[in-house]
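In: Sequence first, then the predicted structure, then my questions.
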Amino acid sequence: MSRFGLALSAFRRHIGRTIFTVLSVATAFAIFTILGAIEQGMNGNMSLVAAQRLDTFSRVNSSLPQSYAAQVRSVRGVVAVTYLTFFEGYFRDPKNEVPVMAASVPSVLALYPEFLIPDDQKEAFLHDKQGALVGNEIAAQMGWQVGHTVPVQGGPAQQNGSTLWTFHIDGILHTDLPSGFRHAFIVNYDYFNDGLAASPTKDTVNEIDSLVGNPRTWIESPSRSTTNSRMPRRTPAPNPSNRKR
């Protein structure tokens, strides 16, 4: 008798076990297919958000006037705008780097719906000019909790000459975006800008992020050519899976 015949004979002798084995394999494939579909759907939503988000930055390595945000907002198809500026500080020890992102509040939350923040923490941040939202990974690394007051040293000079900035941890954010976002330290741009000493960086930003309602409409819109020729370049924001802090 051939090997196939022996196997078939064994299946017939244990018909119940054979049926359960086939059902188990079929169930495993079904679960795999369903989970794959869910993953693709989530990735599709993330890709859509990324496609709707555009970055505006200078053609050269310099800052932008914060007033440009209003001009970007006036472009047809743009539904929301936020502006960002960055500085690298540290917590207690220079080895404990803190990537501070001063952002327009509350618009930064509209531009980045991937930020998951409890409602009470979000409200606290929106009503605290000195508040900060921090990524869950940097919070765990530094031992921070909601309610802590955190001194960040090594930032740009304030009006009193100090380079130490103090912030209140109002919320811990979670996100499926890359680890750079999970190490984010987001503060209120107005608090940061108001405290800055007079310098070329005051009233400027590193980038302006915008959200368009329909990427295809924005790309095809003839109004793009009528904007101020002095405006900096607008480009699609990097896919969240590639963006670094």
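Out: Yep, it's here.
In: Helix, strand, or coil at Ala70?
Out: Under DSSP: H, G, I helix; E, B strand; the rest coil, Ala70 falls in the helix class.
In: Could you point out which residue ranges in the chain have low pLDDT?
Out: Along the chain, the model assigns pLDDT under 70 to residues 1-20, 22-23, 25, 29-30, 32-51, 215-245.
In: Skip the chain neighbours and tell me the closest residue to Pro118.
Out: Gly171 (6.9 Å; C-beta to C-beta, 6 or more residues apart in numbering). All C-beta spots, glycine's among them, are computed from the backbone N, C-alpha and C.
In: Looks to me like Ser24 is in a helix.
Out: Yes: applying three-state DSSP, one finds Ser24 inside a helix.
In: quick check: domain ranges of this protein?
Out: 3-48, 54-236 (automatic domain parsing).
In: Check the ones you listed for me and report the most buried one.
Out: Ranked by mean neighbour count, these are led by domain 54-236 with a mean of 17 (mean count of other C-beta atoms under 10 Å).
In: so Phe192 makes contact with Ala102?
Out: Yes: the criterion here is C-beta atoms under 8 Å, and Phe192 meets it with Ala102 at 4.0 Å.
In: between these two, what contacts are shared?
Out: Thr85 (C-beta atoms under 8 Å, 6 or more residues apart in numbering).
In: rewinding a little: the residue nearest to Pro118 sits in which helix or strand?
Out: Here Gly171 sits within strand 165-173, counting by DSSP states H and E.
In: strand partners of that strand, parallel vs antiparallel please.
Out: strand 131-135 (parallel), strand 149-152 (antiparallel) (DSSP bridges).
In: mind putting the ones you listed in CSV, distance to Phe167 included?
Out: Listed next are these as CSV, based on distance: least, C-beta to C-beta, whole Å:
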stretch, distance to Phe167
strand 131-135, 4
strand 149-152, 5
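In: For Asp209, find the nearest of these.
Out: strand 131-135 (15.9 Å; C-beta to C-beta).
In: Can you pull out the residues in contact with the closest one?
Out: Against strand 131-135 from outside (C-beta under 8 Å, 6+ apart): 115, 117, 121, 124-125, 144, 150, 167-175, 181-188.
In: 6 Å - rerun?
Out: If you take C-beta atoms under 6 Å, 6 or more residues apart in numbering as the criterion, strand 131-135 is touched by 125, 167-171, 173, 182-187.
In: picking up where we left off before, other SSEs contacting the helix or strand just after the strand holding Gly171?
Out: Next along the chain after strand 165-173, taking DSSP H and E as the criterion, comes helix 179-182. Packing partners of helix 179-182 (3 or more C-beta pairs under 6 Å, 6 or more residues apart in numbering; DSSP states H and E): none among the helices and strands.
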